[in-house]
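In: Below are the sequence and a predicted model for it; my questions follow.
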Amino acid sequence: MSITKRWRWLAVLAVFLLVVTACGDGEDETTTTEAGATTTEATTTTAAPEEPTTTAAAPVGEYVRAETLYTSGTQWGPPSNWNPMVTWGYATGTLGLVYEPLFIYDPFTDEYIPWLAESGEWTSDNVYVVTLRQGVKWSDDEDFNAEDVVATFDLGEKYESVQYHPMFEWLESYEATGDYEVTFTFSDPLYQEWGNFLYSRPMLPEHIWSSLSEEEVTNGANENPIGTGPYVYETHDQDRMVWVKRSDAWWATAAYGYDPAPTRVIDIVNGSNNVALGLVLQGGLDLSNNFLPGVATLVAGGYGIQTYYPDAPYMLAANTAWIVTNNTKAPLSDPEFRKALANSIDVSKIVQNVYGNIVSASNPVGLLPIWEQYVDQDLVAEKGFSYDEAKAKQILADAGYADTNGDDFVEGLDGSEIALKIIVPFGWTDWMESIRVISEGAMAAGINLEVEFPDYSAYADAKNAGDYDTLIANDAQMSNTPWTYYDWMFQEPIMETMTNGNFGRYDNQVAFDLVTELDKVKLGDVEGLKAVIGDLQDIQLTDYPIIPLWYNGLWAQYSTAVWSNWPGSGDDQNHYLPASWRGYWNMTAILMLCDLQPTPTE
């Protein structure tokens, strides 16, 4: 590294350290999440600075650098399984680089791209026929055909612990009606859910998986995974996962002309975000899906760092961060109290001061920008909320809440003291600073809301068990349909332990039934979706079951030192998702690899 470049790198690192220490308590990262969850809870974690690293992602000479793509931002522990059925913990790239779905989905165009399926068609209201692509080979040279698709569904029907087992309550039958055709018959077709399944679930080789036990299917490590994708397992270590291109031709090269540029994709296990920063600045890490503060400095500083947008907000929106309130506890069980809390929050201060404008404020219903057409703007204008301290105080007063003891905080309707807490995991410094802003606004409005930072496991246990007052969450991700967002918000049935949404235990059978009705709207029926979503938004803006705040970014910083032609917002750029997170390779990120080009050397 030249002296000039070294000082430029140190200058940026200094800015980075100032931002990080401004957002947190200067403690080391201690989060122990399930490795690489796709939620930003696993990908936005910021750590206090350690000693700057100057170690490249691989020792010099280990791999040909010009043929190798280094990624990071998903894996928070050593790779330990390659099982695509373990959706929360498989090694980064297992689904997407190795295993593939029937279709991939483009969220920008709202289009399904035929993948292992050559086509799919509803031949009647309850019958869907998939025609499979011929000439596809598993990486052990076996043919892919209808038997593999049937075997994949057999696993879900046979084993209750398989995540898609519940679909057999509405999937009546499935059968191979030809060597490359599978017919599905539904007793009660849930079109939106089926559309989500088509691109989110990998097909598995019948000759390997059909003989496995339930434990092996749902918890097995699946060493040496056999898939249809462009890459195969090469090796792994405590700090990395190494995938290498197949020696034979990938089917998509003949079908579409797609050919991933990197010979190897190496995912580096997250250590800390300043380590990732150093690697990006040196060109030792090509794609960082970590949350890195100081992005504006990186992009504008001439360091060869790019983001999807060239200026604020820099990142695509991947999910919505909400305040989740425990709706079983007074006074949070009162919709008017929750509405007052919503109006007390200065989201712009979070966006500007905490995130430096690399996120943007959410609309009051929380739907992502890709779903903007489904926001009932008239309803939002009538019932939506925004920061207004005076309005928050008035809502509390009108609902009967008053400061009866002179401590500047309202008491409960029964006169009891209100002392609430809002929690996020310790070490997640962006969220930690965000809830300080939330607490400040709430207290100014007369709501006693103090911050607390448990470790991640305690936070997750409290969230799932309902043992909290309020917290920040962002579980529901970008997908093919707003149904996934509302299914998360209004998840039923309400149980002692909730793991897939509705952590606030909001109980409203009308809302639950509307989510089911939404699920039954046919794919492509935009007006049908709007009608049901409008009713759900009316409930949402009346009862405030959760409080949307800001859009968490699809954190993606890429270096042009080795690879160029990255995704971006420009007319002359591709618009694929620049993400290695689980569940994103099959939403066009795999196509990003096919568009990459080696950066010319001087």
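Out: Nice, I can see it. Keep in mind that what you see is a predicted model, and the values were worked out from it rather than measured.
In: what residue ranges in this structure score low on pLDDT?
Out: Per-residue confidence for the chain (pLDDT under 70) gives these ranges: 1-61, 272-273, 602.
In: care to break it down by domain?
Out: Domains of the chain are assigned by automatic domain parsing as 3-28+57-98+229-311+555-598, 103-219, 320-389+422-430+450-552.
In: Kindly present those domains as CSV, with separate columns for mean neighbour count.
Out: To be clear about C-beta, it is placed using only N, CA and C from the backbone, and glycine gets the same treatment. Formatted as CSV, these follow (neighbours: other C-beta atoms under 10 Å):
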stretch, mean neighbour count
domain 3-28+57-98+229-311+555-598, 20
domain 103-219, 17
domain 320-389+422-430+450-552, 19
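In: can you redo the ones you listed as a markdown table with distance to residue 412?
Out: Listed next are the domains of the chain as a markdown table, based on distance: least, C-beta to C-beta, whole Å:
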| stretch | distance to residue 412 |
| --- | --- |
| domain 3-28+57-98+229-311+555-598 | 32 |
| domain 103-219 | 40 |
| domain 320-389+422-430+450-552 | 5 |
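In: can I assume residue 547 sits in a strand?
Out: Yes: counting by DSSP: H, G, I helix; E, B strand; the rest coil, residue 547 falls inside a strand.
In: And the strands in the stretch 501-602 of the chain, which stretches?
Out: 546-553, 557-559, 563-564, 597-598 (DSSP state E, counting those that start in this stretch).
In: Settle this for me: residue 230 is touching residue 97, isn't it.
Out: Yes: the criterion here is C-beta atoms under 8 Å, and residue 230 meets it with residue 97 at 6.7 Å.
In: joint contacts of these two?
Out: Among the neighbours of residue 230, those also in contact with residue 97 (C-beta atoms under 8 Å, 6 or more residues apart in numbering) are residue 590.
In: for the closest residue to residue 568 other than its chain neighbours, what are its contacts?
Out: Once flanking residues are discounted, residue 568 sits nearest to residue 308: 5.6 Å by C-beta to C-beta, 6 or more residues apart in numbering. Residue 308 makes contacts with 314, 315, 316, 554, 556, 567, 568, 569, 578, as judged by C-beta under 8 Å, 6+ apart.
In: before we move on, the earlier item: format the strands of the stretch 501-602 of the chain as TSV; extra columns: distance to residue 493.
Out: Formatted as TSV, these follow (distance: least, C-beta to C-beta, whole Å):
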stretch	distance to residue 493
strand 546-553	18
strand 557-559	41
strand 563-564	48
strand 597-598	51
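In: re earlier: how close does the residue nearest to residue 568 get to residue 430?
Out: Residue 308 sits 19 Å away from residue 430, taking C-beta to C-beta, to the nearest Å as the criterion.
In: cool, residue 489 as well?
Out: 23 Å.
In: What about residue 412, how many residues nearby?
Out: 15 (other C-beta atoms under 10 Å).
In: Assign a three-state SS to residue 422, would you?
Out: On the basis of three-state DSSP, residue 422 is classed as strand.
In: Not counting its own residues, what contacts stretch 399-410?
Out: Contacts of stretch 399-410 (C-beta under 8 Å, 6+ apart): 331, 334, 336-337, 340, 396, 411-413, 415, 417-418, 443, 446-448.
In: From these, pick the one nearest residue 466.
Out: For those, the residue nearest residue 466 by C-beta to C-beta is residue 331; the value is 16.2 Å.
In: these two touch, right, the closest one and residue 418?
Out: Yes: between residue 331 and residue 418 there is a contact at 6.0 Å, judged by C-beta under 8 Å.
In: So for those two, which residues contact both of them?
Out: Common contact partners of residue 331 and residue 418 (C-beta under 8 Å, 6+ apart): residue 412.
In: ok but residue 280 is inside a strand, no?
Out: No: counting by three-state DSSP, residue 280 is located in no strand; its state is helix.
In: got the contact list for it?
Out: Taking C-beta under 8 Å, 6+ apart as the test, what residue 280 contacts is 288, 292, 298, 305, 557, 558, 559.
In: just the strands in the stretch 351-500 of the chain please.
Out: Chain-ordered strands for the stretch 351-500 of the chain, with DSSP E, counting those that start in this stretch as the definition, fall at 360-361, 420-423, 449-452, 470-473.
In: So for residue 225, which of the ones you listed sits nearest?
Out: Between residue 225 and the strands of the stretch 351-500 of the chain, the shortest gap by C-beta to C-beta is with strand 470-473, which sits at 31.1 Å.
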